[in-house]
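Student: Sharing a model that was predicted from the sequence below.
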Amino acid sequence: PVSDFVVVTSAGVELYLVLPERKSVRLVKTIATDVSWYVYSHETRLFLLASGAQDNSLLGLQVQPQTVVKMPRFEVQLAPVSAALGQPA
């Protein structure tokens with residue numbers, strides 16, 4: 001497998017392999033990117049990482065058995081604050 005567990009930090013994503021015979025872990029891969037928040041879907045093995053001044057820049061990472069698929073970064077257009085609160089603009 002590409003990794004046994006994943007650690008998400010504010011500085012990016014780290015993938016580790018567990019080495020039971022050595023009773024240790026090995027850092028396999030680091031993906032450096034700013035992370036403000038993230039969500040994970042176990043069904044799809046997809047991490048959605050948010051960053052940017054308004055946390056509207058999203059990056060998807062899918063951890064597959066033999067590789068990590070990095071999806072293109074995209075930005076989400078945010079609604080004006082008044083519209084988000086249900087108030088007229």
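Tutor: In hand now; what should we look at? Numbering: from 1, shown residues only.
Student: in which helix or strand would I find the residue nearest the centre of the chain?
Tutor: Nearest to the geometric centre of the chain sits residue 49, at 3.6 Å (CA atoms, centre = their mean). Per DSSP states H and E: residue 49 is located in strand 46-51.
Student: What's the local residue count around residue 30?
Tutor: 13 (other CB atoms under 10 Å). C-beta here means a position set from N, CA and C on the backbone, and glycine is covered the same way.
Student: Give me the neighbour count for the nearest residue to it once chain neighbours are set aside.
Tutor: Nearest residue to residue 30 in three dimensions, chain neighbours excluded: residue 14, at 5.4 Å (CB to CB, 6 or more residues apart in numbering). For residue 14, the neighbour count with other CB under 10 Å is 17.
Student: do the same with the one 4 residues further on
Tutor: Close neighbours of residue 18, defined as other CB under 10 Å, add up to 13.
Student: which stretches of this structure aren't confidently modelled?
Tutor: Within the chain, the ranges that satisfy pLDDT under 70 run 83-89.
Student: Let me see the ranges of the strands in it.
Tutor: 5-9, 12-19, 24-32, 37-41, 46-51, 57-63, 68-70, 74-75 (DSSP state E).
Student: Any chance of these in TSV with distance to residue 81 as columns?
Tutor: Formatted as TSV, the strands of the chain follow (distance: least, CB to CB, whole Å):
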stretch	distance to residue 81
strand 5-9	28
strand 12-19	30
strand 24-32	32
strand 37-41	19
strand 46-51	18
strand 57-63	19
strand 68-70	32
strand 74-75	18
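Student: what's the closest of those strands to residue 82?
Tutor: Residue 82 lies closest, by CB to CB, to one member of the strands of the chain: strand 74-75, at 21.0 Å.
Student: That closest one: partners in the sheet, and parallel or antiparallel?
Tutor: Applying DSSP bridges, strand 74-75 is found paired with strand 57-63 (antiparallel).
Student: With only the CA atoms kept, save the partner strand in PDB.
Tutor: Provided in PDB are the C-alpha atoms of strand 57-63 (Å, rounded to 0.1, in the frame of the first residue of the first chain):
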ATOM      1  CA  SER A  57      -9.500  27.400  -2.500                       C
ATOM      2  CA  LEU A  58     -10.100  23.600  -2.500                       C
ATOM      3  CA  LEU A  59      -7.700  20.700  -3.300                       C
ATOM      4  CA  GLY A  60      -8.800  17.100  -3.500                       C
ATOM      5  CA  LEU A  61      -6.400  14.200  -2.700                       C
ATOM      6  CA  GLN A  62      -7.600  10.600  -3.200                       C
ATOM      7  CA  VAL A  63      -5.500   7.900  -1.400                       C
END
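Student: Having no further points to raise, I will conclude here.
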